[in-house]
Structure formats: C-alpha cells, structure tokens
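> Sequence and predicted model, in that order:
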Amino acid sequence: MKVPPALGWWRDVPGGGEWLDSLPGIVAACAERWSLVIGLPFDGGNVSLVVAVERADVPAVLKINFAEDETECEPDALLHWGGRGAVRLLEYDEPSRALLVERCQPGTRLWEVEDDEEAMRIAASVLAVLWRSPRNDHSFVLLASAATRWALELPRDWEALGRPFARELLDEAVAACVELGSDQGEAVVLHQDFHGGNVLRADRAPWLAIDPKPLVGEREFDAASLLRDRRWLLGDAESGRRIRRRLDLLTAELGVDRERMRRWGIAHALAWGVSGKKVEDDMIECARLLLAARP
C-alpha cells in the first residue's frame, strides 16, 4: 500500500518518519487480524491514514493514528457513544493505534449542505445526541485542564511568533480559558473537533460524527467549535452577520449559554490556530469575528 503524499509532513515531526514507514506493515497486519480486503485511502486525509476496507462484504474504514495525546482517546469516545450520533467502533488495536469503524454511506460531508442555517440545525441535532455524561472512571482529558494549558501556552507562542495579532484578542482568549475553565456547567463527553467536515451523511442514521478529539467539559465548548466552522466564513462582509446568526440559532437549538459559547469559540480558535511554529490566519479571523460579536 502506498502512503498518501498528504501525510508526508509527519517526517518533520519526531517519530513521524518511522510511523510513516511502518504504515504498510500495520495495514497488512490489520488485514490479516480482522479479515479485511484493503481498498484505497480516502482523499483529503492529512493527519491519519484512513483507508476504505471490506470485512465479510461489509464496508468499513481502517484508520491509523500517530501516537499523540490528541487522538489517544478517540476509541474511548466512540465506545462511549456506542453508535448514537457517531460511527460505531468495530475493532481497536492499541499498540498500532489502528481503529476499524463503520463506513458512512453515502458519506457526503455536512459541508455539502449549502444553506448555513440548515447545516447548523443538522449539526446541532447530532451534538444533542452525543452529549452524555461520562463514566466516573473515564480516562478523558478534562476541558479545565486543557484550558489551563492554553492560558499558559498562548501568550508564550504569541510572543515567539512576533505578536502576529492584536493583544486584545490574546487577552480575551486567555481570560476565557481562565474564567470559563474553572467554573463550568454539567460535564459531558465533548467531540472537540465538531465541524461540517466531521459530520457525514449515513444510512443507519441521517448524519453521524467522525474523528473526535474528546474532552470532558461543558456543552458550550463543543458548540463553539461548530460556531467557528470555517467552511462558511469567507472573509466577506457577510461573515460577521453569519457568526451572530449562528450564535442565536445554536443558543435556541441547544439551550446553551450564548456568551460562554462565544468566548469558548475565541479561546479554541486561537488554541488550535497558534503554535510555536505557525499561525493559521483563518483561525485568527474566526477569533476576530467572535470578538466583534460580543453583546
């Protein structure tokens, strides 16, 4: 099996080259262990190897993650949801980080729904199914812990990158992490990367979520990730109005706190959009739009 070129950036990450070189062997081992017929990698994957497979004439997906904290608990989240609102986990091999999950048919992304408000309502209906309390002995990272880390990392990275955006935006993000992270509502298992590219049309249910980066925390945080979905934020004059409509719609559909959701959106956009090496301009723009949408 040929590893997709889009994964080549992993060679710049410690251990990434070895992981890429190991992928054909991992795929072959999974095929033998789980009686799989291996198909082609899916287009668009640039973080994990994701391959179409067949098992006993049943379509499935083989996904192999790099050994990192962000994806470590993906199988735990899928098991927790048990196919309700998300794809089912069929098999998991912990040493290789290989997951076998059900394949959504036809598998088109929510991004294909052109009307923004319709897409938001569909996404909200999926989130409402996913949000359930964790077990007492869960192994998920707490949102409070992640927020504490972001509050420390963001100022450091902002300085290291030459202060690439206004201090006001940084201060808003850090304040949200500190204030919201330490005083949250009811805790549920959160998807964390819930956007239109990770919600697929399916036959078992109208729409199912894939690719969680789970945390445990309050609902407003997950809604914020959807709120700043960049698919419909085009940098035009309409984008600010669209953000405000999303705030209103998600507040009504999900019964969450509008202002907490907005503030989490700023924090998460910067936490994912700024690192010690790079700045993602579209994430920064999302944070600016959310800052401007304050009451």
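Good, I have the coordinates.
> okay, and for this protein, where does confidence drop off?
Along the chain, the parts satisfying pLDDT under 70 run over 230-235.
> Could you chop it up by domain?
Listed domain ranges for the chain are 5-102, 110-292 (source: automatic domain parsing).
> and those as CSV, adding mean neighbour count?
All C-beta spots, glycine's among them, are computed from the backbone N, C-alpha and C. Converted to CSV, these look like this (neighbours: other CB atoms under 10 Å):
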stretch, mean neighbour count
domain 5-102, 16
domain 110-292, 19
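> How is the residue nearest the centre of the chain assigned, secondary-structure-wise?
Closest residue to the average C-alpha location of the chain: D193 at 1.5 Å, with CA atoms, centre = their mean. Three-state assignment for D193 (DSSP: H, G, I helix; E, B strand; the rest coil): coil.
> And for P4, nearest residue in space, chain neighbours not counted?
In space, and not counting its chain neighbours, P4 is closest to P41: 5.0 Å by CB to CB, 6 or more residues apart in numbering.
> residues in contact with that neighbour?
Neighbouring residues of P41 by CB atoms under 8 Å, 6 or more residues apart in numbering: M1, P4, L49, V50, V51, A52.
> and it, backbone torsions?
Phi and psi for P41, reported as degrees, to the nearest 10, are phi -60, psi 150.
> circling back to that earlier point, which residue, neighbours along the chain excluded, lies closest to the residue nearest to the centre of the chain?
Beyond its immediate neighbours in the sequence, the residue positioned closest to D193 (CB to CB, 6+ apart) is K213, lying 4.6 Å away.
> list the contacts for the nearest residue to H191 once chain neighbours are set aside?
Nearest residue to H191 in three dimensions, chain neighbours excluded: P212, at 4.6 Å (CB to CB, 6+ apart). Contacts for P212 were tallied using CB under 8 Å, 6+ apart; they are E74, A77, L78, A86, H191, Q192, D193, F194.
> hmm, 10 Å instead?
Shown in contact with P212 (CB atoms under 10 Å, 6 or more residues apart in numbering): 71, 73-78, 80-81, 86-87, 130, 189-194, 198, 222.
> which stretches of the stretch 51-200 of the chain form helices?
69-72, 74-81, 116-130, 143-160, 167-181 (DSSP state H, counting those that start in this stretch).
> which ones are touching W19?
By CB under 10 Å, 6+ apart, the neighbours of W19 are 3, 7, 10-11, 13, 26, 49, 64-68, 96-97.
> tell me which of those residues is nearest to V58?
Comparing the contacts of W19 against V58 with CB to CB picks out I64 as the nearest, at 19.4 Å.
> Quickly list what the closest one is bridged to.
When bridges are called by DSSP bridges, I64 pairs up with L49, A98.
> what sits up against stretch 110-125?
By CB under 10 Å, 6+ apart, stretch 110-125 touches 85, 109, 126, 194-201, 206-207, 209, 223, 226-227, 229, 231-233, 238, 242, 245-246, 248-250, 252-254, 256.
> do stretch 151-159 as well
Under CB under 10 Å, 6+ apart, the answer for stretch 151-159 is 150, 164-165, 167, 169-171, 173-179, 181, 267, 270-271, 274-279.
> How about L200: what's its closest non-neighbour residue?
Once chain neighbours are set aside, the closest to L200 by CB to CB, 6+ apart is C104, at 4.0 Å.
> So what's the residue count around the one you found?
22 (other CB atoms under 10 Å).
> From what I see, it and A52 are in contact.
No. Shown here, C104 and A52 do not form a contact pair, counting by CB atoms under 10 Å, at 11.3 Å.
> Residues that sit against both of the two, list them.
Taking CB under 10 Å, 6+ apart as the contact criterion, the common neighbours of C104 and A52 are P59, V61.
> Is the residue nearest to D193 in contact with D76, as I believe?
No. With contact defined as CB under 10 Å, K213 does not count as touching D76 (11.6 Å).
> Return the distance of V51 relative to A28.
Between V51 and A28 the computed distance is 12 Å (CB to CB, to the nearest Å).
> what residues are shared contacts of the two?
Common contact partners of V51 and A28 (CB under 10 Å, 6+ apart): M1, L36, I38.
> Can you tell me which of those residues lies closest to L290?
Nearest member of the shared contacts of V51 and A28 to L290, counting by CB to CB, is M1, at 41.5 Å.
> I figured the closest one hits A28, correct?
Yes. M1 lies in contact with A28 (CB under 10 Å); the separation is 7.7 Å.
> joint contacts of these two?
Residues touching both M1 and A28 (CB under 10 Å, 6+ apart): I38.
> Could you pull out the strands in the stretch 1-150 of the chain for me?
Along the stretch 1-150 of the chain, counting by DSSP state E, counting those that start in this stretch, strands occupy 36-41, 49-55, 58-64, 89-93, 98-102.
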